[in-house]
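Peer 1: Here is the input, now give the coordinates:
(chains A and B)
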Protein chains: 2
Amino acid sequence: MVHNGIEYAIMQLISETYWLMKKGLGFSNDQLHWVYHEWNSGEMKSFLLEITAAIFLQQDDRSGNRLVDMILDKAGSKGTGKWTSQDAMDLGAPVPVIDMAVSMRDLSALKEERIKAAARYEAIRTEGFSDQVTTVHQLRDALEFATIICYAQGLAMLHTASSELAMQIPVPEVVRIWRGGCIIRSGLLEVFLKSFTANPELPNLLLDTDVAALLKQRESSLREIVSLAAKSGFPASALMASLSYFDNYRNAQLPTNLIQAQRDLFGAHTYQRTDTTGSFHTEWNDFQ
Amino acid sequence: MVHNGIEYAIMQLISETYWLMKKGLGFSNDQLHWVYHEWNSGEMKSFLLEITAAIFLQQDDRSGNRLVDMILDKAGSKGTGKWTSQDAMDLGAPVPVIDMAVSMRDLSALKEERIKAAARYEAIRTEGFSDQVTTVHQLRDALEFATIICYAQGLAMLHTASSELAMQIPVPEVVRIWRGGCIIRSGLLEVFLKSFTANPELPNLLLDTDVAALLKQRESSLREIVSLAAKSGFPASALMASLSYFDNYRNAQLPTNLIQAQRDLFGAHTYQRTDTTGSFHTEWNDFQ
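Peer 2: Below you'll find the model as predicted:
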């Protein structure tokens, strides 16, 4: 199930890079084939990039066009991504890129509403897309960064499930099996296998030195791509959710103290303190 | 339950604006009080902004500091946000800002891991925060935009539940009740009540003329803030998820055709076509 959740997330990420190149850079299907073919090497070598490259070459007998352009943009699903998100929420193990991929498949199905909404709002803009070479390079690195985040989330969920539910999941063995052959097989799993072999109880790949090095080299590219997408109106939900996960996970201090203050004020839900242990409740001025 | 899901999402949004002002602009608690007090007017007048303004003034007897600074940044939850997300996924009614708020509460609880991660990665940067007046103005409009998106998602979920589960939920009446007094009461509900009174079967507030006008005036501010947060490493997960929802919902065409191609290639899950009805499967070159 978690394998399929990660699969949903990576597919959503790839589709977002596709649109930025097709609609932003104006790439043809041949160019898209070439880019994904190029990306499918080194630690990015993966089944999903391999089939993505191939898809752009497939002819459609009925129309004479490339088939990808004749396929309706309404996603179906069999439920495995949804179950991953629902179970992750029950475990308290956050997998926001998977959640986002599930919600965006559901949103894609609202095609008739989307057509109505498109008439009310401005279309995507392509002015920020001047330098093709730089943008393609940033997209590659952004995709690799975000893909690592998807695996990190899914494997952290397995780690949590293993301890919370006493399932004794051998995470290194899971990585080894995925590497052997499945839809999310990827050169990245070699890197992760090293991390988990050295530390089978690693709670999150983001805490591993080698993974951190990969991420740090690619971090600025993801930031640039998210900024470009935000300013130009391109859908980049999974890219943004990947960055969100990273920027929350790597901050020792978050503004969640305010949420705990709000919850204590309106619901007496109590809070913990930074200077001592225990649970506390305050009679808030003007709101007793 | 959906009320509480929306509440989670708005609280997460407010906390993100708080951090951008506190850590980005260097605002004191007095300044933060003043900003939220200012924002608590017009259609933004709301219980959550009112208590947020008050929270920044609350003294802590134990430390002599403001209490908000002594509260630990680990969020608790009673489960209602989680149930909203889980049920929305079962309904196929996307509520990604609520999903994100739930996942980010869970992530905040991983404080020990976050402290370890902070040592591995760079801290947030504050160079992009030169112009206080512009940034505060953009933050206000970004918050209003994103807050509207939260209500739109929650109410669209009720609309879907009403028809899918034959619940006959009187959505205009729900809005009227929320307006009367609850944690998510807000001047915005007056606007929404007009929309739903004119069209009780409105599937999504984003399709309403008045709501579209509010959003369009504030859209560029949210884009600027998301870009600023992405580049400087500030957690902006709910702000980004709000923009993601908007940028997927308002696009008649999405790159989901690629996802359907991938699904048909590796799982024969079939696809629909743009030029005719029915379900189709292709024997993909090199992958049969």
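Peer 1: how about the helices of chain A, start to end?
Peer 2: Under the criterion DSSP state H, helices of chain A are mapped to A:2-19, A:29-39, A:47-55, A:80-91, A:96-108, A:111-120, A:132-164, A:171-180, A:188-198, A:209-232, A:237-249, A:256-267.
Peer 1: Which of those sits closest to B:Val133?
Peer 2: When these are ranked by distance to B:Val133, counting by Cβ to Cβ, first place goes to helix A:209-232 at 20.8 Å. For every residue, glycine as well, the C-beta is placed using N, CA and C.
Peer 1: so what's A:Ser77 closest to, chain neighbours aside?
Peer 2: With Cβ to Cβ, 6 or more residues apart in numbering or on different chains as the criterion, A:Ser77 has its nearest non-adjacent residue at 5.3 Å, and that residue is A:Arg105.
Peer 1: rank the helices of chain A by pLDDT, which is bottom?
Peer 2: Across the helices of chain A, the stretch with the lowest average pLDDT is helix A:171-180; it has a mean of 93.
Peer 1: now the closest residue to A:Phe196 other than its chain neighbours: how far from B:Ala198?
Peer 2: Nearest residue to A:Phe196, sequence neighbours excluded (Cβ to Cβ, 6+ apart): A:Pro172, at 4.0 Å. The gap separating A:Pro172 from B:Ala198 is 59 Å, by Cβ to Cβ, to the nearest Å.
Peer 1: and the two? which has more neighbours close in?
Peer 2: For A:Pro172 versus B:Ala198, the count of surrounding residues by other Cβ atoms under 10 Å in any protein chain shown is larger for A:Pro172: 17 against 12.
Peer 1: how close does that one sit to A:Glu201?
Peer 2: Taking Cβ to Cβ as the measure, A:Pro172 and A:Glu201 are separated by 10 Å.
Peer 1: swap in A:Thr160?
Peer 2: Computed as Cβ to Cβ, the A:Thr160 to A:Glu201 distance reads 12 Å.
Peer 1: if you count what's nearby, which of the two comes out ahead?
Peer 2: A count of neighbours by other Cβ under 10 Å puts A:Thr160 above the other of A:Thr160 and A:Glu201, at 21 against 9.
Peer 1: Which parts of stretch A:81-92 count as buried, going by neighbours?
Peer 2: Of the residues in stretch A:81-92, those buried under the neighbour-count criterion (16 or more other Cβ atoms under 10 Å in any protein chain shown) are A:81-89, A:91-92.
Peer 1: got a list of contacts for it?
Peer 2: Here stretch A:81-92 makes contact (Cβ atoms under 8 Å, 6 or more residues apart in numbering or on different chains) with A:1-2, A:4-5, A:7-9, A:94-95, A:98-99, A:101-102, A:105, A:154, A:157, A:160-161, A:164-165, B:82, B:85-86, B:89-90, B:99, B:102-103, B:106, B:109.
Peer 1: Do I have it right that A:Thr270 meets A:Ala261?
Peer 2: No: counting by Cβ atoms under 8 Å, A:Thr270 stays clear of A:Ala261, with 11.0 Å between them.
Peer 1: Same drill for these two, tell me which one is more crowded.
Peer 2: Taking neighbours as other Cβ under 10 Å, A:Thr270 and A:Ala261 compare with A:Ala261 leading, 24 against 14.
Peer 1: so what's that one closest to, chain neighbours aside?
Peer 2: Sequence neighbours aside, B:Ile55 is the residue nearest to A:Ala261 in space, at 4.7 Å (criterion: Cβ to Cβ, 6+ apart).
Peer 1: Quick check: that neighbour touching B:Asp69?
Peer 2: No: contact criterion Cβ under 8 Å: B:Ile55 and B:Asp69 do not qualify, at 10.8 Å.
Peer 1: Compare those two (neighbour count), which wins?
Peer 2: The residue with the greater number of neighbours, taking B:Ile55 and B:Asp69 and applying other Cβ under 10 Å, is B:Ile55; the counts read 27 against 13.
Peer 1: how about that one, what does it touch?
Peer 2: Applying Cβ under 8 Å, 6+ apart to B:Ile55 gives the contacts A:258, A:261-262, A:265, A:284, B:67-68.
Peer 1: run the last query once more with 7 Å
Peer 2: For B:Ile55, the contact set (Cβ atoms under 7 Å, 6 or more residues apart in numbering or on different chains) comprises A:258, A:261-262, A:265, B:68.
Peer 1: What distance do you get for the spatially most central residue of chain A to chain B?
Peer 2: Within chain A, one residue has its C-alpha closest to the average C-alpha position: by Cα atoms, centre = their mean, that is A:Val97, at 3.7 Å. When distance is defined by Cβ to the nearest Cβ, to the nearest Å, A:Val97 is 9 Å away from chain B.
Peer 1: Pull up the per-residue confidence for A:Gln288.
Peer 2: The per-residue pLDDT reported for A:Gln288 equals 60.
Peer 1: ok, now A:Gln168?
Peer 2: On the pLDDT scale, A:Gln168 is placed at 92.
Peer 1: What's the local residue count around the closest residue to it other than its chain neighbours?
Peer 2: For A:Gln168, the nearest residue in space outside its immediate sequence neighbours is A:Ser162; the separation is 6.2 Å by Cβ to Cβ, 6+ apart. Residue neighbour count, defined by other Cβ under 10 Å, stands at 16 for A:Ser162.
Peer 1: circling back: closest to B:Lys116 out of the helices of chain A?
Peer 2: For those, proximity to B:Lys116 was assessed by Cβ to Cβ; helix A:237-249 is nearest, at 9.9 Å.
Peer 1: wait, does the closest one contact chain B?
Peer 2: Yes: judged by Cβ under 7 Å from any Cβ of the partner chain, helix A:237-249 comes into contact with chain B at A:237, A:240, A:243-244, A:247-249.
Peer 1: what comes up buried for stretch A:209-227?
Peer 2: Residues A:211-212, A:214-215, A:218-219, A:221-227 are the ones in stretch A:209-227 that count as buried (16+ other Cβ under 10 Å).
Peer 1: would JSON lines of those residues with distance to chain B be doable?
Peer 2: Compiled in JSON lines, the buried residues of stretch A:209-227 are given as follows (distance: Cβ to the nearest Cβ, whole Å):
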{"residue": "A:Val211", "distance to chain B": "9"}
{"residue": "A:Ala212", "distance to chain B": "5"}
{"residue": "A:Leu214", "distance to chain B": "12"}
{"residue": "A:Leu215", "distance to chain B": "8"}
{"residue": "A:Arg218", "distance to chain B": "12"}
{"residue": "A:Glu219", "distance to chain B": "8"}
{"residue": "A:Ser221", "distance to chain B": "11"}
{"residue": "A:Leu222", "distance to chain B": "8"}
{"residue": "A:Arg223", "distance to chain B": "5"}
{"residue": "A:Glu224", "distance to chain B": "8"}
{"residue": "A:Ile225", "distance to chain B": "9"}
{"residue": "A:Val226", "distance to chain B": "4"}
{"residue": "A:Ser227", "distance to chain B": "4"}
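Peer 1: can I get the residues you listed in JSON lines with distance to B:Asp60?
Peer 2: As requested, those are arranged in JSON lines below (distance: Cβ to Cβ, whole Å):
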{"residue": "A:Val211", "distance to B:Asp60": "39"}
{"residue": "A:Ala212", "distance to B:Asp60": "36"}
{"residue": "A:Leu214", "distance to B:Asp60": "42"}
{"residue": "A:Leu215", "distance to B:Asp60": "37"}
{"residue": "A:Arg218", "distance to B:Asp60": "42"}
{"residue": "A:Glu219", "distance to B:Asp60": "37"}
{"residue": "A:Ser221", "distance to B:Asp60": "43"}
{"residue": "A:Leu222", "distance to B:Asp60": "38"}
{"residue": "A:Arg223", "distance to B:Asp60": "36"}
{"residue": "A:Glu224", "distance to B:Asp60": "41"}
{"residue": "A:Ile225", "distance to B:Asp60": "42"}
{"residue": "A:Val226", "distance to B:Asp60": "37"}
{"residue": "A:Ser227", "distance to B:Asp60": "38"}
